[in-house]
Structure formats: C-alpha cells, structure tokens
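1. structure for this input, please:
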Amino acid sequence: MPTTLSADDLKAITDRLTVEADVLREELADAESKMPALYTDCDLDPADVGARVSALAALRADADRARILLDRVVATLPRVGTPGFGRCTVCGDVIGRDRLLAVPHTELCIVCARAGTGARA
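-> Predicted structure coming up:
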C-alpha cells in the first residue's frame, strides 16, 4: 500500500525541493566563481601553493556535492505526486511519509538505506 501523502504533504515536498534546488544552484555558482581566482593567483609564495591546492580541492568537492544533489532534487520534482513517487528503488516497498517529508529526494526506504543496499539515501 503506497504512503498516503496529503495535498499539503505534496505541496510541502514540492516547495522544499524547489527551495533546496535554488540554494544548491547558489552554492554551485559561488563555488564555480571562486575557482578562477585560485587558478590565476600565480604570485603566491611557494609555501602557499599547498594551501591553494587544498582550497581548490575543497571547492571542487563542494561543487561536485552540490551538483550531484541538485541533479537528484531536479529529477525528483516532476515525480512528486506520481504513482512511483514514495517507492523504494531497491526493494519496491513504500517509503514512509516522515522520511519523504524529511528527505524528499530519497529513493530508498529506511530499511534499505540502513542496510546500505542502494547508492543513494
């Protein structure tokens, strides 16, 4: 039996995903705007090169995380309210209402997420 989500639940999920997508787009744009400065700052003392490399690696990691999560959020938005929304992609069981409200882009039920049977929580 599918998770019963009210119209208010579906609106809350859609609103949350929309806000999350906007925040992630801003994070991604911010990270990408900082990268050129790290690349072009060639007058650093040799001792500063390590710090620049570390900062660039952290910035890339943040941008990659934001990009992956943004892709998941954007892919979830059109599925909200469709028959397959709220079903675990591993076992096919229903994802609980509270879990969907907390992590609306999840593709795994709590059992599969805890078991580590899927790549995405």
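
2. okay, buried residues for the lowest-mean-pLDDT helix or strand in the chain please.
-> Using mean pLDDT, DSSP states H and E, the weakest-scoring helix or strand in the chain turns out to be helix 46-76, at a mean of 87. Residues of helix 46-76 classed as buried by neighbour count (16 or more other CB atoms under 10 Å): Leu59, Ala63, Ala66, Arg67, Leu69, Leu70, Arg72, Val73, Val74, Thr76. Quick note: C-beta positions are derived from backbone N, CA and C, even for glycine.

3. cool, and stretch 14-26?
-> Residues of stretch 14-26 classed as buried by neighbour count (16+ other CB under 10 Å): Thr14, Arg16, Leu17, Glu20, Ala21, Leu24.

4. can you pull the contacts of the residue nearest the centre of the chain?
-> Nearest to the mean C-alpha position of the chain, by CA atoms, centre = their mean, lies Leu69 at 2.2 Å. Going by CB atoms under 8 Å, 6 or more residues apart in numbering, Leu69 touches Glu20, Leu24, His105.
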